[in-house]
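Peer 1: Sequence first, predicted coordinates after that:
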Amino acid sequence: MMRRTMRMAGVVIAGMVIFLPLSSLVIWSFAEKWYWPHLFPQQTGLFYWAKVMQGDLLRALTDGFLIAIVVTVLTLIITIPLAYVLARLPVPFKPLILMVFLLPQAFPQLPVFVNSTTLLYQVNLGGKLGGVVLIHMVGALVFAVWTMTAVFKSVPEALEEAAINLGASRFKAFHSVSLPLATPGIIASTLLVFLYSLDEFTGTLLVGSPFVLTLPVYMYRTSVGYELQVASISALMLMLPGIVLLVLLERYMKSEYLSMFGRI
Amino acid sequence: MRLSHRLAYLVIALPPLAIVVWLFFIPFLSSAYLSLLREDQWSLRNYYLVWRLYRYDILYTLWIAFFSLVAVLAIAVLLCGYLRIHINKPVEFLFKIPLFIPFVVVGHAMRVLLAPRGTLNAALSQIGLVNMNDPPSIAFGWIGIAVCLIWKNLALAVLLVLGSYRSVDETFLEAARNFGASAFQQIKDILLPMSKASLAVAGAFMFTSMLASFSVPLMIGSGEPPQMVMIDVFYRINYQMDYGTANALGVVSYLLAMGVAGYYLRTITQKGT
């Protein structure tokens, strides 16, 4: 009996800790007139939701999704072969290569991206969709190489060897044996990369704005003004893909992948 | 291993390597180069400016990171101890949620919650704890930033620490319980000592990421000194176009990150764990 109430209390406290900050966002997005010291808005409605649908938010949203899809597809294409090769085969300079994909997470991104922006402007990619895609890929590749190499390593080598013993070429063993077995892990990595690109802020702010905006940058720009409703609606929209992913894919998400999300 | 095979593997590695080298490593190294240039001449003046203008901000940043790290680890150690001993799946799931909420959203949400006339103060004023004519300002100070970093990093810490606790054999805990150990004693004397290595690694990582935080102080900061170091770099570039000093500050931040990581790695390898 005591155990039961303690558990319920724990859930309630945890719920409050997690949802209290987020609840303000929900209230703000429906507020039409709200002056302090009132606890709740004096007038609520969908006015700002309608306003937002006609404005720049939709463009930022679609641009962000488009960029995220392109980033995800490109990252997948160039990472899967590398991950398989790193997991199984002797690559020249393997430790060095693995280091290259480790260090970007160890150092502060902003000063580096400041200089990257200069490089991108020099090749005329600054302020363009292509430039933003590339800057997203820097971070996305780091996550993708880590997770996918681990995925391929977890596929038992014995199964591939069995296929090769039966006459399959290395490539056939890869795509008929390893790839199908690695699919759940690859799906998890893909979603990680997609969410990373959708939520990326620093690189997009430096490289893209003010011409190419994604939702996080748009949200920042609207939040420094006085119309907190628009910023709050953008924030809620930004949260949705993440929550959907969390709920739908709890069973694919092993701890290693989940810990990558903590760095977004 | 045939040379053609090895060359093929290198070619496969090339596209990802090229992007990361071009857009991360070259800019990273050019920070050092640019920090030593001022008006096209070699000079240490940038570092002198960093010392003169930003040394307090560096301390401020280190303080926030340190405070937030200690808070996160303390909460995580106790919370995960509770979750390991008395299983509570809903709470575990709830604490995973911040993982999926980007830093920018956390910054904005906390700003709205903790602003002087924000929802938290409005709620407290209903009970009479806060006077809305002269409200305390949590949001725009270091505490607001720390709360954001703690809230978001707690999810990651819970994940890592709980994983580490779960690898501790149940028999140890049962033996302790047979001797009458309370949950707190089990955490203090068994779970915590056996997780020291994981805690050090998680701690080093979280500390460097807090040091490097940009979107949170941008959303929730006051725009006045003291500022976190990444904001200083951003403003220096954006408003003064002073790449020399900004990169010098960047180099200082890289050294701090390397220093922390190096210290913890040395601590782990020394213990031989």
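Peer 2: Perfect, I can see it now. Everything quoted here is computed from the prediction, not taken from an experiment.
Peer 1: which residues of the stretch 1-150 of chain A fall in strands?
Peer 2: Assigned by DSSP state E, counting those that start in this stretch, the strands in the stretch 1-150 of chain A fall at A:31-33, A:43-44.
Peer 1: May I see those arranged in TSV, with distance to B:I101, mean pLDDT and mean neighbour count as well?
Peer 2: Where C-beta positions appear, they are placed from N, C-alpha and C, glycine not excepted. Listed next are those as TSV, based on distance: least, CB to CB, whole Å; pLDDT from 0 to 100; neighbours: other CB atoms under 10 Å in any protein chain shown:
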stretch	distance to B:I101	mean pLDDT	mean neighbour count
strand A:31-33	21	74	14
strand A:43-44	24	75	12
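Peer 1: quick one, which of these is nearest to A:Y220?
Peer 2: Nearest to A:Y220, of all those, is strand A:31-33, at 19.9 Å by CB to CB.
Peer 1: next one: that closest one to chain centre, how far?
Peer 2: Here strand A:31-33 is found 32 Å from its chain centre; the criterion is CA atoms, centre = their mean, to the nearest Å.
Peer 1: quick revisit: do you know which of the strands of the stretch 1-150 of chain A lies nearest B:F207?
Peer 2: strand A:31-33 (37.6 Å).
Peer 1: ok, that closest one: who's next to it in the sheet?
Peer 2: strand A:43-44 (antiparallel) (DSSP bridges).
Peer 1: Looking at chain B, what residue ends up closest to chain A?
Peer 2: B:G250 (2.7 Å; CB to the nearest CB).
Peer 1: Kindly reformat the strands of the stretch 1-150 of chain A as a markdown table containing distance to B:N133.
Peer 2: Formatted as a markdown table, the strands of the stretch 1-150 of chain A follow (distance: least, CB to CB, whole Å):
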| stretch | distance to B:N133 |
| --- | --- |
| strand A:31-33 | 20 |
| strand A:43-44 | 23 |
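Peer 1: Tell me which of these approaches A:I69 most closely.
Peer 2: Nearest to A:I69, of all the strands of the stretch 1-150 of chain A, is strand A:31-33, at 33.1 Å by CB to CB.
Peer 1: just to revisit the earlier point, between the strands of the stretch 1-150 of chain A, which one is nearest to B:A76?
Peer 2: Taking CB to CB, strand A:31-33 is the member of the strands of the stretch 1-150 of chain A nearest to B:A76, at 34.7 Å.
Peer 1: Could you list the low-pLDDT ranges of chain A?
Peer 2: Where chain A drops to pLDDT under 70, the residues are A:1, A:36-38, A:226, A:249-264.
Peer 1: Can you give me the buried ones in stretch A:53-63?
Peer 2: A:L57, A:A60, A:L61, A:D63 (16 or more other CB atoms under 10 Å in any protein chain shown).
Peer 1: which ones are touching the second one?
Peer 2: For A:A60, the set of contacting residues under the criterion of CB atoms under 8 Å, 6 or more residues apart in numbering or on different chains consists of A:L213, A:T214, A:L215, A:V217, A:Y218, A:S234.
Peer 1: how about the lowest-mean-pLDDT helix or strand in chain B, does it reach chain A?
Peer 2: Across the helices and strands of chain B, the lowest-confidence element by mean pLDDT, DSSP states H and E is helix B:119-127, at a mean of 77. Yes. With CB under 8 Å from any CB of the partner chain as the criterion, chain A is reached by helix B:119-127 at B:T119, B:A122, B:A123, B:S125, B:Q126.
Peer 1: just stretch B:219-229 next, same as before
Peer 2: Yes. Using CB under 8 Å from any CB, we find that stretch B:219-229 touches chain A at B:M219.
Peer 1: which one among the contacts of A:A60 gets closest to A:A68?
Peer 2: Distances from A:A68 to the contacts of A:A60, taken by CB to CB, are shortest for A:T214, at 8.2 Å.
Peer 1: ok, now which ones touch B:L10?
Peer 2: A:V91, A:P92.
Peer 1: Can you give me the pLDDT of it?
Peer 2: pLDDT for B:L10: 82.
Peer 1: Now do the helices in the chain.
Peer 2: Let's take chain A. Counting by DSSP state H, the segments of chain A that form helices are A:2-29, A:47-54, A:56-88, A:94-100, A:109-122, A:129-154, A:157-165, A:170-173, A:179-199, A:202-207, A:215-223, A:228-248, A:255-261.
Peer 1: oops, I was thinking of chain B
Peer 2: Going by DSSP H, chain B shows helices at B:3-20, B:26-35, B:45-85, B:89-94, B:103-114, B:119-127, B:142-166, B:170-178, B:183-186, B:192-194, B:196-211, B:215-220, B:229-240, B:243-271.
Peer 1: What is the burial count for B:L62?
Peer 2: Residues within reach of B:L62, counting by other CB atoms under 10 Å in any protein chain shown, total 17.
Peer 1: and the residue nearest to A:W49 when sequence neighbours are not counted, how many neighbours does it have?
Peer 2: Nearest in space to A:W49, with sequence neighbours left out and distances taken as CB to CB, 6 or more residues apart in numbering or on different chains, is A:I233 at 6.3 Å. A:I233 has 24 neighbours, counted by other CB under 10 Å.
Peer 1: In contact with A:I233, which residues?
Peer 2: A:S29, A:Y48, A:W49, A:V52, A:L57 are the contacts of A:I233 under CB under 8 Å, 6+ apart.
Peer 1: so what's the nearest residue to B:S222 once chain neighbours are set aside scoring on pLDDT?
Peer 2: Leaving aside its sequence neighbours, B:S222 sits nearest to B:F140 (CB to CB, 6+ apart; 3.8 Å). You'll see B:F140 listed with a pLDDT of 73.
Peer 1: same thing with B:L34?
Peer 2: Looking at B:L34, its pLDDT is 92.
Peer 1: Could you check how far the nearest residue to it once chain neighbours are set aside is from B:L37?
Peer 2: In this structure, B:L34 finds its nearest non-sequential neighbour in B:N247, 4.2 Å apart by CB to CB, 6+ apart. Distance, B:N247 to B:L37, by CB to CB, to the nearest Å: 9 Å.
Peer 1: Tell me how many other residues crowd A:F171.
Peer 2: Residues near A:F171, counting by other CB under 10 Å: 8.
Peer 1: B:T61 is in contact with B:L211, isn't it?
Peer 2: Yes. The pair B:T61 / B:L211 is scored as a contact, 6.0 Å apart, by CB atoms under 8 Å.
Peer 1: okay, now residue 108: neighbour count?
Peer 2: Picking chain A for this. 24.
Peer 1: Can you look at chain B instead?
Peer 2: The tally of other residues near B:H108 (other CB under 10 Å) stands at 31.
Peer 1: Residue 155: what's it in contact with?
Peer 2: Using chain A. A:V155 is in contact with A:V177, A:S178, A:L181, A:A182, counting by CB under 8 Å, 6+ apart.
Peer 1: You answered for a different chain; I wanted chain B.
Peer 2: Contacts for B:A155 (CB under 8 Å, 6+ apart) come out as A:G262, B:F95, B:K96, B:I97, B:P98, B:L99.
Peer 1: Assess the claim that the fifth one and A:F19 are in contact.
Peer 2: This points to B:P98. No. At 10.7 Å, B:P98 does not count as touching A:F19 under the criterion of CB under 8 Å.
Peer 1: Check chain B and tell me which residue is nearest its centre.
Peer 2: When CA atoms, centre = their mean is applied to chain B, the residue found nearest the centroid is B:M210 (2.5 Å).
Peer 1: Contacts only, for the residue of chain A at minimum distance from chain B.
Peer 2: Residue nearest to chain B within chain A (CB to the nearest CB): A:P111, separated by 2.7 Å. By CB under 8 Å, 6+ apart, the contact list for A:P111 reads B:S31, B:M230, B:V233, B:A246, B:N247, B:L249, B:G250, B:V251, B:S253, B:Y254.
Peer 1: one more time with 10 Å
Peer 2: By CB atoms under 10 Å, 6 or more residues apart in numbering or on different chains, the contact list for A:P111 reads B:27-28, B:31, B:34-35, B:212, B:214, B:229-230, B:233-234, B:237, B:246-254.
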